[in-house]
Every structure is written in C-alpha cells, then in structure tokens.
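> predicted model, plus sequence, below.
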Amino acid sequence: MKTILGIDPGLETLGYAIIQQDKTILDFGVIITSSKNTLSERLLEIQEEFEKLINLHKIDLMVIEKLMFVQNVTSGIQVAHARGVVLAEAEKKGLLIAELQAKEIKSMVTGYGNAPKDQVKAMVKKIFNLEHTKVKDDATDALAIAYCGL
C-alpha cells in the first residue's frame, strides 16, 4: 500500500500529514519553530524534524504546495527557505516529489479551485472522518495536499 506525505510549507508552522492509499492517517500535525531563533536555527529544526518523520515511515510520494506570489515578500521568502529545506531533504532521501498549486489542491479536494479555506477544511474533515476532531489549519492543509497525492 502506498504511503503519501503531504507538506504545507511554512517557517513558523509547517503542516505535515502521512496517509496511506486507503485514506488511513498514519500521522499528521505541525512543526513549529520559534521566532526567537535565528533563521538558520529554525531551518535546521525543520530539517531535523522532517528527517525524523520520513525515517519513521516508508514514504512513496511527497506532495508539497508550490509557493505562490505573495503580497508580503518577506513572508514569501521565509516560506521559500522552509520549502527548500524540505525539498532538499526529500531529494536526499530519494523520495518521489510532486508540487501542486493551491488552486489545484482546492479543486481536487472541493471541486472548486477558488474554494475558501473553511470549505477545504470541512471537506478534509469529511474525507478523513475527523468532523469531531480539532485540527490545526496547517495540518488540515497538509492532509488536503496528501489526499491530492492519491
């Protein structure tokens, strides 16, 4: 059975979800870094936590959200740094990698590429039977991204 890792990249909060082909969730959550640390310390923390995740599971495919043009350039650059660390570690481990635009993810999950975040979250909770579970937004996004890998 194939195992898919979904990544919602971010420097402060990086969402991840590991699912199997039958929609069984193996793990999901967030990697949080402190703004009190330097950029390099935060990136190292993401790399180390991400490496632990992929060492725990045999990942067949990693799906990661592409970085879109953002209005806050500083924020976009920080997300790009986090994406770079994850992509480099995934490549180092020999993972098959797919990158998707936010509109593609929304379209695959809800049927509408301009769906609002709350609609995506509601569909993800329905798909994975998490209606009564509190899930952080970044983890929900990572579940949506992993689902697209199916």
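In hand now; what should we look at?

> state the mean pLDDT of stretch 5-23.
Averaged over stretch 5-23, pLDDT sits at 97.

> and what of stretch 28-35?
The average of the pLDDT scores along stretch 28-35 is 96.

> which residues touch it?
Stretch 28-35 is contacted from outside by 11-19, 41-42, 45-46, 49-50, 135-136, 138-139, 142-143, using CB atoms under 8 Å, 6 or more residues apart in numbering. Backbone N, C-alpha and C define where each C-beta goes, glycine included.

> how far away from the center of its chain is it?
Distance of stretch 28-35 from the chain centroid (CA atoms, centre = their mean, to the nearest Å) equals 11 Å.

> where do the helices sit along this structure?
Along the chain, the segments classed as helices by DSSP state H run 39-56, 73-92, 102-110, 117-127, 137-148.

> so how far is Val124 from the residue lying closest to Ala80 once chain neighbours are set aside?
Leaving aside its chain neighbours, Ala80 sits nearest to Leu67 (5.5 Å; criterion: CB to CB, 6 or more residues apart in numbering). Distance of Leu67 to Val124, given as CB to CB, to the nearest Å: 21 Å.
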